[in-house]
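> What shape does this take:
(3 chains)
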Amino acid sequence: MRKLGLRFVALGYLAVILVGPLSIVFWRTFEDGFAPAWDALTTPETLHAFKLTLIITAIAVPVNTVFGILAALAIVRKKFPGKSVLNAFIDLPLALSPVVVGLALFLLYGREGWFGGWLNEHGIQVLFALPAMVIATIFVSIPFVAREVVPTLQEVGDEQEQAARTLGATGWQTFWRITLPSIRWAVIYGVILTTARCLGEYGAVAVVSGRLQGQTETATLRVQERYESFDLAGAYAISIVLALLAILVLVAMTVIRPREETAH
Amino acid sequence: MTTFLSLFVALPIAALVWEASSEGTQSFWEAVSSPEAVAALKLTLGTSFAVSLLNAVLGTITAWVLVRDDFRGKSFVNAIIDLPFALPTIVAGLTLLALYGPTSPIGINVAYTKTAIVLALMFVTLPFVVRTVQPVLQELDPELEQAAHTLGASQTTTFRRVILPNLVPSLLSGVALAFAKAVGEFGSLVIITGNIPFQTEVSSVYIFGRIESGDSASAAAVSVVLLVISFVTLLSIGAIRHVATRHDRA
Amino acid sequence: MSILVRNVSRSFGDFVALDDVSLEVDSGSLTALLGPSGSGKSTLLRIIAGLERPDAGQILLSGKDATALTPQKRNIGFVFQHYAAFKHMTVHDNIAFGLKVRKRPKAEIRNRVDELLNLVQLEGLGNRYPSQLSGGQRQRMGLARALAPEPDVLLLDEPFGALDARVRAELREWLTRLHDVVHVTTVFVTHDQEEAMEVADQITLLNEGRVVQVGAPRQLYDEPESEFVMRFIGDASEIGGVLVRPRDVELLQEPASGAAEAMIVRMTVLGRDAKVELHDSTGAEIVAVITRERFDELDLWRGQTVWVRARRKRVFAA
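Presented below is the predicted three-dimensional model:
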């Protein structure tokens, strides 16, 4: 009896908070048929917004993947002063409000910012343009690959790498042939999480982008813009696309997670 | 490597602190203690705290059901727990608005109220406690419970005295993570709360407003407060982990 | 408290763990449930404890039907192979658990725990945590914990299985002495026939979910009722299709009727006896134990060919 009660509470909780709301959005979007949704999605500004989101993600994910692997290697394999600081810094973006991140970047790269003056003189625009948005997105998605790879590296141990070295492999060969394959699934899982975060970033990008329609507006920013313009249908339509991407991410996570866990 | 990271991460924080203090301590204090800022902070902390506690209970129950119970569709349920990780926060806000706002098909309208804040925060923090407690529950030796039963302990007593103490560290970790996320949450609140100052405006929204008005110094000042809260929360998670594993270090 | 197991059966899917098992345990006795892995002995113990339910049959504790009772209500003490120590509690709190759950007064609990710490020789370690104890100490704590609420029955599931050989031997002796002092009906599960022979008053030998033989250790050794029993308990060699105990193997230096040829592989002097290990013509091992006098008389060497004969034959019904 108690078991059923607990099950009811848990499922009810999930239905009220997650499933219910999402289902309603799907319903509302296609309430009047497929066409209005399609129209909303294919306006030039919206298409540009999607394109911009994808471009930013395409830059941020590889950067954070490389960085994440290097950071994880440094944390697990090397001894150096300030290691715990590095560890804490990696986790920091998780705990920071995205608006605060945006503000910090604004202060650094804005016209009166620390780098702003120099950048302005050389005609490089960072703020209210693509570079700032990319930097902001990179910042908020830093932790994911590193956090997935670190425990895997720790469990795998470096004996295999030592063996490779005694057999004459160079550092690079060892990394490519031994280390990387051993952390393969952790990296993939981390990449999936990073991608999801990049696609969904809102707060930091909202601050640094200036939200210029057709220029510096990402898909998430556009959802907000459509809502403010009383175009609820448009907002829903873009949300559905993002939600479908999120579901894809979920599926990928569910499929990859067991492989990531058994690789230990 | 450390230099790269320091530049990338430490520099922005340094910029914040610099800006916050750029007009002097007096200005800093005024910015932080302005009525609107204080109201926003109180609201932020209050709702984050409430949501963290709710998550502690509901999240543990959910983890329990996922580990101990079996029913059709359980793997589907397990998968959707991560939805808040994958879904953009702005979309989360919009979906909550669809069901619990003015166009609600079931007639519930909590848009522009504090309840909306709690709802949105519950959405984005849902996975945290569940995912930290789940693996610990999974690994728990069933013989511990059996031993307690043979010694005369009922199911409830066994849960209270044998299972729960083993869950507390991961539970606290999850709660701290949820709290940190809730304090800084922005995207999901922007639409559904209406951002009404003194009523439904949280600190992150307040900061955003200050930036848009060009008042970077005030924005930075309040940001520093949030930063300190994040830092303390992060440190406490580390401390919890350290204390929790003391019984394992023989 | 006496235990009566009546026609208990239990299956896990297709696997039959227990098939119509019945057995009687006298009050105050020290009984071993012995058998190879998969024989059902642990399952049976857990059914007696209430940690498992039988598919059919009954468990009677002191004459009363306890089959439907939860473990909490059976007043049994259970000791687990891997200790099941509450690692977040001190040794003292572990032992006190059963008493705290029964809401005993604090003074009583303190006295009882101290008494038990002395009994299991863990005095002074009450404030330690299980992770700070050795395996043997953890198991002694497990025993103290199980005994604290004064159970009517003490059940032990391969209690020494996770410990190394020396500690195992120590604790074995220790359990026998404990039983002399505490006198509670004790049932323990083991796959180690030596352990059962050394410790128990009564052995119930199980194989493939069925009771094969019940009796005192000496009985199972001297009067095995089947080939399985004879092979499982004590050494047994096969000579000419017949099973024979090491002490009943005759060593001859010339062929004789009924004797088989064998080659000496190893010889060990064990005080007043000598163990001679041989391989017969098929390479199967034969173990003989002869007196020192006979050994000295015979002047044997490794690689020597001798003849072996069964002095006492045991033939079992097919």
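> buried set for the longest helix seen in chain B?
Criterion DSSP state H: the longest helix present in chain B is helix B:35-68. By neighbour count on 16 or more other Cβ atoms under 10 Å in any protein chain shown, the buried set for helix B:35-68 is B:37, B:39-41, B:43-45, B:47-48, B:50-52, B:54-56, B:58-67. In this view, the C-beta of every residue, glycine as well, is placed from N, C-alpha and C.
> so which of these also contact chain C?
Among the buried residues of helix B:35-68, no residue sits close to chain C (Cβ under 8 Å from any Cβ of the partner chain).
> And for A:E148, nearest residue in space, chain neighbours not counted?
A:G190 (3.7 Å; Cβ to Cβ, 6 or more residues apart in numbering or on different chains).
> repeat for A:V101
Counting by Cβ to Cβ, 6+ apart, the residue nearest A:V101 is A:A204, at 4.2 Å.
> Who's the closest spatial neighbour of the residue positioned nearest the centre of chain A, skipping the chain neighbours?
For chain A, A:R197 is the residue whose C-alpha lies nearest the centre (Cα atoms, centre = their mean; 2.3 Å). Among residues not flanking A:R197 along the chain, A:S141 sits closest, at 4.3 Å (Cβ to Cβ, 6+ apart).
> how deep is the one you found tucked in, by neighbour count?
Residues within reach of A:S141, counting by other Cβ atoms under 10 Å in any protein chain shown, total 27.
> so where's chain A uncertain?
For chain A, the stretches with pLDDT under 70 are A:1, A:260, A:262-264.
> Could you pull out the strands in it for me?
Assigned by DSSP state E, chain A shows no strands.
> Where does it get nearest to chain C, residue-wise?
With Cβ to the nearest Cβ as the measure, A:R2 is the residue of chain A nearest to chain C, at 14.4 Å.
> What's the local residue count around the residue lying closest to that residue once chain neighbours are set aside?
Distance criterion Cβ to Cβ, 6+ apart; nearest residue to A:R2, sequence neighbours excluded, is B:Q155 at 7.6 Å. B:Q155: 14 surrounding residues under other Cβ under 10 Å.
> Show the model's pLDDT score for B:Q155.
Note on B:Q155: pLDDT of 90.
> what's the answer for the one 5 residues further on, then?
What the model reports for B:R160 is a pLDDT of 93.
> Would you mind measuring from it to chain A?
To chain A, B:R160 is 14 Å away according to Cβ to the nearest Cβ, to the nearest Å.
> again, but for C:A262
Counting by Cβ to the nearest Cβ, the gap from C:A262 to chain A is 48 Å.
> Same question for B:F128.
11 Å.
> Equivalent analysis for C:G283, please.
C:G283 is 41 Å from chain A, by Cβ to the nearest Cβ.
> Pull the contacting residues for that residue.
By Cβ atoms under 8 Å, 6 or more residues apart in numbering or on different chains, no residues touch C:G283.
> Ignoring the adjacent residues along the chain, who's closest to residue 206?
Here I'm looking at chain A. A:A206 sits nearest to A:L221 (Cβ to Cβ, 6+ apart), 6.1 Å away.
> Not quite, go with chain C.
C:G35 (3.8 Å).
> hmm, the helix or strand just after the longest helix of chain B touching chain A?
Downstream of helix B:35-68, the first helix or strand assigned by DSSP states H and E is helix B:74-80. Yes. Counting by Cβ under 8 Å from any Cβ, chain A is contacted by helix B:74-80 at B:S75, B:V77, B:N78, B:A79, B:I80.
> So is the following helix or strand past helix B:74-80 next to chain A?
Later in the chain than helix B:74-80, the nearest helix or strand by DSSP H and E is helix B:83-86. Yes. Using Cβ under 8 Å from any Cβ, we find that helix B:83-86 touches chain A at B:L83, B:P84, B:F85, B:A86.
> roughly how far apart are the third one and A:V145?
In this structure, B:F85 and A:V145 are 15 Å apart, going by Cβ to Cβ, to the nearest Å.
> okay, these two: which has more neighbours?
Ranked by neighbour count (other Cβ under 10 Å), B:F85 and A:V145 place A:V145 first, with 30 against 20.
> how close does that one get to A:G171?
Here the criterion is Cβ to Cβ. By it, A:V145 lies 21 Å from A:G171.
> Would you mind checking the residues of helix B:83-86 next to chain A for buried ones?
Looks like these have B:L83, B:P84, B:F85, B:A86 buried, using 16+ other Cβ under 10 Å.
> Grab the nearest non-local neighbour of the first one.
Read it as B:L83. Leaving aside its chain neighbours, B:L83 sits nearest to A:L18 (5.6 Å; criterion: Cβ to Cβ, 6+ apart).
> try the third one
Counting by Cβ to Cβ, 6+ apart, B:P127 is the residue found nearest to B:F85 once chain neighbours are left out, at 5.7 Å.
> Surely that neighbour is within a strand?
No. Per DSSP: H, G, I helix; E, B strand; the rest coil, B:P127 lies outside any strand segment and is helix.
> Am I right that it is in contact with B:I81?
Yes. B:P127 lies in contact with B:I81 (Cβ atoms under 8 Å); the separation is 5.3 Å.
> rewinding a little: ok, the residue nearest to B:L83 - contacts?
B:I80, B:L83, B:P84, B:F123, B:L126.
> do C:A165 as well
Contacts of C:A165 (Cβ under 8 Å, 6+ apart): none.
> what does the one 3 residues further on give?
By Cβ under 8 Å, 6+ apart, the contact list for C:R168 reads C:F160, C:E195.
> I'd like to know the average pLDDT value across the helix or strand hosting it.
Using DSSP H and E, C:R168 falls within helix C:165-182. Helix C:165-182 carries an average pLDDT of 88.
> how many other residues sit next to B:F76?
Using other Cβ under 10 Å, the number of residues around B:F76 comes to 9.
> Check C:R314 too.
Counted with other Cβ under 10 Å, C:R314 comes out at 16.
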